[in-house]
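> Here is a sequence together with a model predicted from it:
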Amino acid sequence: MSIYAVQFLIGLSDASVLFLTASGLSIIFGVSRIVNFSHGSFYMLGAYIGYSLIGDSDNPLIFWGGLFLAAVVTGLVGVLVEIVLLRRLYHVPELFQLIATFGVILVIQDLTFMIWGAEDLLGPRAPGLTGSIELLGALVPSYDIALIVLSPLVLVGIWLLFYKTRWGALVRAATEDREMVAALGVNQNLLFTGVFFLGCFLAGLGGAAQLPKGGANLLMDFGIIAEVFVVVVVGGMGSIWGAYIAAIIISELNAFGILFLPESSLVMMFLAMAVILIARPWGLFGKSESMEHKPPSEREDLTISGRKLPWNWGWLLLIAVLLVIPWFQIDFVMTLVIEMVLLSFFAATLHFIMGPGGMVSFGHALFFGGGSYAVALFVNYLQLPMSVLLIAGPAVTMVFALLVGWFCVRLSGVYFAMLTLAFAQLAWSVVFQWDSVTGGDDGIIGVWPTGPAEDKIVFYYLVITLTSLSLYVIRRVISSPFGFALRACRDSSLRSRAIGIDVRKIQWIAFTISGFMAGLAGSLYVYSKGSIFPTEMAIPRSFDALIMLLLGGVQSPVGPIIGGSVYTFLIDYITRFDYWRLLLGIMIMLLIVLFPRGISGIFSSGIIQRIKLLGQSE
Amino acid sequence: MMGELLEVKHLSKSFAGIQAVNDISFSINRGELVSLIGPNGAGKSTCFNMLNGQIKPDKGSVRINGRETVGMSPDKIWKLGVGRTFQITATFYSMTVLENVRIALINDAQKLYSFFARTEKLYHEEAMNLLEQVGIVDQRDRLCGILAYGDLKRVELAVALANNPGLLLMDEPTAGMSPKERVALMALTHEIVKTKNIAALFTEHDMDVVFNHASRIMVLARGSLIASGMPDEIKNNQMVQEIYLGASFT
Ligand SMILES: Nc1ncnc2c1ncn2[C@@H]1O[C@H](COP(=O)(O)OP(=O)(O)O)[C@@H](O)[C@H]1O
Ligand SMILES: [Mg+2]
């Protein structure tokens, strides 16, 4: 009995930390409509700053004051990010905002590493709260009780702020209706900056408050972000109450998940999320998004996808160059080209659902890494040959995509994105936690091609052939009736339904095709590396594909190829530096602020002009 | 049994306390071109959305060809032979005018799930015929994203006609058009209704158009049907006159 009571109370105390962090994300989204992907980084920053401020003092004033100050400083860092970066991005498409905040993650990661080092830090103990209290027949650490009390206090504080101050009334009004606030003549910049401060303050408070329990380490940022997204999606974007209730549900499921399913304690949480979202697609307290009407500024970017473009000669030339490369017999060049080709392939599978389909997935690494793991596991346990596994690997991810897609196509926009991310994190956590089968952090090694492809040059040609074939298939599908239907669903689901198109079914099929193809890319990838680690399934891998598309231009049909090649080359180069994340993060931010259309966007804007002229002259 | 094409009974819908549509009942036969009029906010669009499945009514029943459609999604209702145009046009902005019509034709022919066919070779003639009918052939290769509003309305009509519907639902089909274009478009609709013997329900703010083409008029005010009858009866109806004198008619 008492073990359940302990788990229950520990769950409640975890819920406090989760609620503090998630409510910050929810408030920021409510007003600015920016999904702050770097929210976990502010949480991490709060912990590190708190650690430095409190030191090993056993003065309660310093401890509690330190927590508060850490939150304030974190909030100020948030303000800096808002003013320098996000303020320039309120009018660009969502995807760009997200990738910009991904840049923030990278920068904060390296800065934290520079300042505090790579070692995990043990958190200070809370003065006067170091013992345990007997509650419900169990011994519970007193600090957990303090945390349980903290979150209702913060909830009340937020409530007072929102319902008893003029500023809070403005924030609520802005959450309800953004145009209205503009009409009220309020200084929007000030409002957004303030909201960003509050959101990051809460994340920092969450991070600092968990110091006595979890300390500080460099994995905290990605560690919490999936849970925070789950909480916000389940609770309903922009709803504080929703965040509170959802944080409790999720944390309790985690606490009990450890008891019942230690290999994959997160499974219960994700299952619960899936069930809740089927019943209430906008979360427990969320409001449904009204019928979509994309702003005209985005339209222009969307016009060219799927159109016949004069690139045929370019393709042939590219393939010719790729085919000649092995003649030079330079091993590292071949290795690099294989990596570039496969990552471009991966990006192209994401492009298929994102460009023509308009479905922005944050978890596409699930299928890439999934393909790799499927192959690696089959090799490890059944010693199956490569010829079989190049079909079996993608088949496995296709089944994943069928399952995941069934849930995801019920949602759209940011909800869709967050759900895909959550599923990918689930898969990652299973792979990471289930040591006995997947090798956990150590991964699986010794996955080499079998048969003729043991020869590196044969393998190289195999990669080029399968990739070109797949890309050709994708191109054909995009210009087939199905591809048009997919674009129709993106352009206007309202109109699509009114002409009898089953929007979800179309999107579901597209998602499944994409999952299959990404699985093929992943299957080839694991053979090219000889090993696989959980990182291939983790958030940064999903973002690699997004950044490649961004680099190449999201709506350009050659975007994945250009972006994939340039990015892979770039990563290969800059990872030689110590602080390459910092460098990459800054480059991403600069790219988004300066060239929102990517590299190929420079060409494609010319193409748009040509198409328009063609249309008019006929 | 030969019933009405569209039969609506006790349809109601409220939004957060606003009774948008309040217990309305009516029916429409083949060959009828019925106009639903009323001031802004009267509940006309809400009514269309309930007939077409975008909004689920709180109460009431909708029967199309005898089939109950409440609870059905718009794509299922389309299969019963219903074409729809929207007050705020909904077209595929990344596609040309021709492609907009083509995709509707492809779906009507149940060819949507072909993954390798060349779309540009399908149903060219049929699509051109529809474009000709609504008078927009000259614009066929322009993207809907850059089309003028009046032209978009025409595209919508062509798309709505693609599955040879038995029932046409048109929410303000002539908004954004010049008076001359309005008359032409409604004359076309009138002709289609007569020659194909189908039923159509439309809303329209231009009273000349309404009185010239509607075979029957229904008046909606604050969610309730307050009058229904032949154009002449409506013209002389006391209550209707009061509403139109009292409320702005935009
Ligand atoms: N989705 C909605 N949410 C809340 N209120 C709505 C919604 N749609 C319509 N309404 C309200 O219902 C009433 C009827 O609107 P509508 O059907 O659009 O009228 P009409 O088309 O006759 O101008 C209006 O008061 C409008 O504000
Ligand atoms: Mg209306």
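The structure has been received and is ready for your questions. Ligands and ions are numbered 1, 2, ... in the order given.

> and stretch B:129-136, how far from the chain's centre?
Centroid separation for stretch B:129-136 versus its chain: 17 Å, with Cα atoms, centre = their mean, to the nearest Å.

> what sits up against that stretch?
B:97-98, B:101, B:105, B:137, B:140, B:151, B:154-155, B:157-158, B:161-162, B:184-185, B:188, B:192 (Cβ atoms under 8 Å, 6 or more residues apart in numbering or on different chains). Placement of C-beta: from N, CA and C, glycine included.

> What is the burial count for A:Pro60?
By other Cβ atoms under 10 Å in any protein chain shown, the residues close to A:Pro60 number 12.

> distance of B:Ile64 from B:Gly81?
Distance of B:Ile64 to B:Gly81, given as Cβ to Cβ, to the nearest Å: 8 Å.

> who's more crowded, those two?
The neighbour count for B:Ile64 versus B:Gly81, taken as other Cβ under 10 Å, is higher for B:Ile64 (23 against 16).

> circling back: the contacts of stretch B:129-136 in helices, which ones?
B:97-98, B:101, B:105, B:151, B:154-155, B:157-158, B:184-185, B:188, B:192 (DSSP state H).

> burial count for the closest residue to A:Leu336 other than its chain neighbours?
Nearest residue to A:Leu336, sequence neighbours excluded (Cβ to Cβ, 6 or more residues apart in numbering or on different chains): A:Asp572, at 6.1 Å. Here the count is done by other Cβ under 10 Å, and A:Asp572 has 14 residues near it.

> A:Asp572 in helix, strand or coil?
helix (DSSP: H, G, I helix; E, B strand; the rest coil).

> Check what pLDDT it gets.
pLDDT, A:Asp572: 86.

> what's A:Ala243 in contact with, if anything?
Neighbour list for A:Ala243: A:Phe19, A:Ala22, A:Ser23, A:Ser26, A:Val231, A:Val232, A:Gly235 [criterion: Cβ under 8 Å, 6+ apart].

> any idea how far ligand 2 is from the closest residue to chain B within the stretch 101-250 of chain A?
Going by Cβ to the nearest Cβ, chain B is nearest to A:Glu176 of the stretch 101-250 of chain A, at 12.3 Å. Shown here: A:Glu176 relative to ligand 2, a distance of 23 Å by Cβ to the ion, to the nearest Å.

> And the strands in the stretch 401-550 of chain A, which stretches?
A:444-445, A:531-532 (DSSP state E, counting those that start in this stretch).

> Comparing those, which stretch has the densest surroundings?
The highest mean neighbour count among those, using mean count of other Cβ atoms under 10 Å in any protein chain shown, belongs to strand A:531-532: a mean of 22.

> restrict the ones in helices among the contacts of stretch B:129-136 to those near ligand 2?
By Cβ under 5 Å from the ion, no member of the ones in helices among the contacts of stretch B:129-136 lies near ligand 2.

> picking up where we left off before, got any residues that touch both of B:Ile64 and B:Gly81?
B:Leu167.

> wait, isn't A:Leu323 in contact with A:Tyr460?
No. Here A:Leu323 lies out of contact with A:Tyr460, judged by Cβ atoms under 8 Å, at a distance of 9.4 Å.

> Compare the two (neighbour count), which wins?
Shown here are A:Leu323 and A:Tyr460; by other Cβ under 10 Å, A:Tyr460 has more neighbours (21 against 14).

> Who are the contact partners of that one?
A:Tyr460 neighbours (Cβ under 8 Å, 6+ apart): A:Ile325, A:Pro326, A:Met334, A:Val337, A:Ile338.

> any weak-confidence spans in the stretch 201-350 of chain A?
A:262-265, A:288-312 (pLDDT under 70).

> Any idea how many residues pack against A:Ala422?
27.

> How about it: what's its closest non-neighbour residue?
A:Val230 (5.2 Å).

> can you map out the strands along chain B?
With DSSP state E, the ranges of strands along chain B come out as B:6-15, B:18-28, B:33-37, B:59-64, B:67-68, B:82-85, B:167-170, B:199-202, B:216-221, B:224-229.

> and the first one, which residues are buried?
By that I understand strand B:6-15. Buried residues in strand B:6-15, counted by 16 or more other Cβ atoms under 10 Å in any protein chain shown: B:Leu6, B:Glu7, B:Val8, B:Leu11, B:Ser12, B:Lys13.

> Next one: whichever residue of the stretch 501-618 of chain A sits closest to ligand 1, what pLDDT does it get?
Scanning the stretch 501-618 of chain A for the residue nearest ligand 1 gives A:Val503, at 19.2 Å (criterion: Cβ to the nearest ligand atom). Per-residue confidence (pLDDT) for A:Val503: 94.

> In three-state terms, how would A:Ala118 be classified?
Applying three-state DSSP: A:Ala118 is coil.

> Contacts only, for it.
A:Leu218 are the contacts of A:Ala118 under Cβ under 8 Å, 6+ apart.

> What is the neighbour count of the residue of chain B found nearest ligand 2?
Distances between chain B and ligand 2 by Cβ to the ion are smallest at B:Ser45, namely 3.2 Å. By other Cβ under 10 Å, 21 other residues sit near B:Ser45.

> So it is in contact with B:Arg84, correct?
No. Using Cβ under 8 Å, B:Ser45 is not in contact with B:Arg84, being 11.5 Å away.

> Between the two, which contacts overlap?
With Cβ under 8 Å, 6+ apart, B:Ser45 and B:Arg84 have common neighbours B:Asp171.

> got the buried residues of strand B:6-15 as a markdown table, with distance to ligand 2 columns?
Output for the buried residues of strand B:6-15, formatted as a markdown table (distance: Cβ to the ion, whole Å):
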| residue | distance to ligand 2 |
| --- | --- |
| B:Leu6 | 19 |
| B:Glu7 | 23 |
| B:Val8 | 17 |
| B:Leu11 | 16 |
| B:Ser12 | 17 |
| B:Lys13 | 13 |
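
> measure the residue nearest the centre of chain B to chain A for me?
Geometric centre of chain B, nearest residue: B:Met170, 1.7 Å, by Cα atoms, centre = their mean. Going from B:Met170 to chain A by Cβ to the nearest Cβ, to the nearest Å gives 12 Å.

> list the contacts for that residue?
B:Arg84, B:Thr85, B:Leu157, B:Ala160, B:Thr189, B:Ala200, B:Leu201, B:Phe202, B:Thr203.

> isn't A:Gln433 right up against A:Asp441?
No. In this structure, A:Gln433 is not within contact of A:Asp441 by Cβ under 8 Å, at 9.7 Å.

> what mean pLDDT would you report for the lengthiest helix in chain A?
Across chain A, the longest stretch assigned as helix under DSSP H is helix A:2-32. For helix A:2-32, mean pLDDT rounds to 88.

> following it, which helix or strand comes up?
Toward the C-terminal end, the helix or strand that comes next after helix A:2-32 (DSSP states H and E) is helix A:39-54.

> who touches the next helix or strand after that following helix?
Remark: after helix A:39-54, the chain's next helix or strand is helix A:60-84, criterion DSSP H and E. Helix A:60-84 has contacts (Cβ under 8 Å, 6+ apart) with A:38, A:42, A:45-47, A:49-50, A:53-55, A:57, A:104, A:124, A:126-128, A:192-193, A:196-205, A:207-209, A:211.

> from the middle of its chain, how far away would helix A:60-84 be?
Taking mean C-alpha positions (Cα atoms, centre = their mean), helix A:60-84 and its chain are 25 Å apart.

> Now do the buried residues in it.
The neighbour-count check on helix A:60-84 (16+ other Cβ under 10 Å) flags A:62-63, A:66-75, A:77-79, A:81-82 as buried.

> Check what pLDDT the residue of chain B most remote from its centre gets.
Relative to the C-alpha centroid of chain B, counting by Cα atoms, centre = their mean, B:Phe116 is the outermost residue, at 33.7 Å. B:Phe116 is assigned a pLDDT of 88 by the prediction.

> one step back: inside helices: which ones of the contacts of A:Tyr460?
A:Met334, A:Val337, A:Ile338.

> Would you mind confirming that the second one is in contact with A:Leu323?
Spelled out, it's A:Val337. No. Look at A:Val337 against A:Leu323 with Cβ under 8 Å: they stay out of range, at 10.8 Å.
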